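Trainee: okay, sequence plus prediction incoming.
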Amino acid sequence: MEGTEYMYELFEALPRCGPGDNESTRRAFNTITKLPKQPFILDIGCGPGVQTVELAKVSNGKILALDNHQPFLDKLMKTAGDEGLADNIIPKNMSMLAMDFDENTFDIIWSEGALYFMGFKNGLKRCRQLLKNGGYLAVTEIVYLVPDPPAPVIQYFEREYPDITDVNDKIGLIRDEGFKLISDFTLPESSWIDSYYLPMEKELSHLNEKYQGNEAALAIFDEMRHEIDFYKKYSDFFGYEFFIMQKIN
């Protein structure tokens, strides 16, 4: 894809690669019960790993952190080292589409804002294979927050993510794929603005100056600014839902 290097330069400078916050990560984890003392956790599409480090703090587990962009893994392990948690995290450079782990391996699979790369239904199927019986899956997935979103929102997601549906449809799919829903909640607006878009706006200002006259780079950055503006205008109609579920034997 043309311009990928500029996209990576932007995201490598951000604390997160998508909406989220440590409080929501902890809230989701705390809905999970009956875990071993040291659960084995797979974090799919971990990015720079803010949530990975938080999971290491709250879970006392061993976490396999999966991403296909090495600079994100390097950033994660630098943070983990600074926090004294490097021994709890195993970085793995691999695409989620190429996961070759044995079935029934993990106590928990985690994926904040990344499972959509596989498609939600396909992601559920693959994660169920990799989870131990009774294991847990926790994911954030973008959803419509109202039954009838306005036309501009529908048109936007027809381009960006045609698989988007509302929360009830996702819950139905979760049950159809052999999971029991434990809990779900909508990420707060601060997860988008404070944790993600404000740092992005600051970095975009810097990059726009750096790449003046570079049409390919500026087109990428303009697209990201449009995404920010779109969220601010239509955030009542869509958001991320955190789904926590358990594999049914």
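Mentor: Arrived safely.
Trainee: quick one: low-confidence ranges for this structure?
Mentor: The chain contains residues with pLDDT under 70 at 1-2.
Trainee: all helices in it, in order from the N-terminus.
Mentor: Along the chain, the segments classed as helices by DSSP state H run 4-12, 22-29, 50-59, 70-82, 120-130, 151-160, 167-176, 189-192, 198-210, 215-234.
Trainee: send me the second one as PDB with only the CA atoms.
Mentor: What that stands for is helix 22-29. Provided in PDB are the C-alpha atoms of helix 22-29 (Å, rounded to 0.1, in the frame of the first residue of the first chain):
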ATOM      1  CA  ASN A  22      -6.000   1.100  31.300                       C
ATOM      2  CA  GLU A  23      -9.200   1.400  33.400                       C
ATOM      3  CA  SER A  24     -11.200  -0.400  30.700                       C
ATOM      4  CA  THR A  25      -8.600  -3.100  30.400                       C
ATOM      5  CA  ARG A  26      -8.700  -3.700  34.200                       C
ATOM      6  CA  ARG A  27     -12.500  -3.600  34.200                       C
ATOM      7  CA  ALA A  28     -12.700  -6.200  31.500                       C
ATOM      8  CA  PHE A  29     -10.100  -8.400  33.200                       C
END
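Trainee: can you check what angle separates it from helix 50-59?
Mentor: Counting by axes from the mean of the first three to the mean of the last three C-alpha atoms, to 10 degrees, helix 22-29 points 50 degrees away from the direction of helix 50-59.
Trainee: swap in the first one?
Mentor: On the basis of the same axes, to 10 degrees, helix 4-12 is oriented at 40 degrees to helix 50-59.
Trainee: and for the fifth one?
Mentor: Relative orientation of helix 120-130 with respect to helix 50-59: 40 degrees, computed using the same axes, to 10 degrees.
Trainee: sorry, back to before: point out the most buried one among the helices of the chain.
Mentor: helix 50-59 (a mean of 23; mean count of other C-beta atoms under 10 Å). Heads up, the C-betas are built off the backbone N, CA and C, glycines and all.
Trainee: can I get it in CSV? Just the C-alpha atoms.
Mentor: Only the C-alpha atoms of helix 50-59 are listed here, as CSV (Å, rounded to 0.1, in the frame of the first residue of the first chain):
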residue,chain,number,x,y,z
VAL,A,50,-0.1,-0.5,26.6
GLN,A,51,-2.8,-3.0,27.4
THR,A,52,-0.2,-5.8,27.4
VAL,A,53,1.7,-4.2,30.2
GLU,A,54,-1.5,-3.5,32.1
LEU,A,55,-2.5,-7.2,31.7
ALA,A,56,0.9,-8.3,33.0
LYS,A,57,0.3,-6.1,36.1
VAL,A,58,-3.2,-7.4,36.9
SER,A,59,-3.0,-11.0,35.8
